[in-house]
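>>> Predicted model and sequence follow; I will ask about them next.
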Amino acid sequence: MQSKYTEFKKLKRSIINKLVSIQEGDRMDSYSDNYLDDVRNSQTFQEAMEEMREAEKLVNELIEYERNDGYEIK
């Protein structure tokens with residue numbers, strides 16, 4: 001289960017980095033401040049949303065795990 005916490009932390013950091021790369025007042029069709037990729041802000045936002053959906057699933061699994069005092073439900 002520790003790997004789920006690690007995966008959540010990685011997703012969280014990735015989401016934050018994607019959202020931070022979209023500067024206040026930028027247009028959605030302008031390019032993101034992420035200089036490693038040549039992507040538009042709208043695509044960066046969509047990628048962040050996809051990762052947020054993944055993170056939501058992980059959070060729900062972790063909540064269930066913690067409700068059961070750390071015992072996994074098979």
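That came through, no problem. In this text the structure is predicted, and so the values were computed from the model without any measurement.

>>> Please compute how far stretch 45-57 lies from its chain's middle.
5 Å (CA atoms, centre = their mean, to the nearest Å).

>>> for it, which positions count as buried?
Neighbour counts using 16 or more other CB atoms under 10 Å place F45, E47, A48, E51, A55 of stretch 45-57 among the buried residues. C-beta coordinates here come from the backbone N, C-alpha and C atoms, glycine included.

>>> same for the longest helix anywhere in the chain, what does it pack against?
The longest helix of the chain (DSSP state H) is helix 41-67. Secondary-structure packing of helix 41-67 (3 or more CB pairs under 8 Å, 6 or more residues apart in numbering; DSSP states H and E): helix 2-20.

>>> List the buried residues of the helix it packs on.
For helix 2-20, by 16+ other CB under 10 Å, it's F8, L11, I15, K18.
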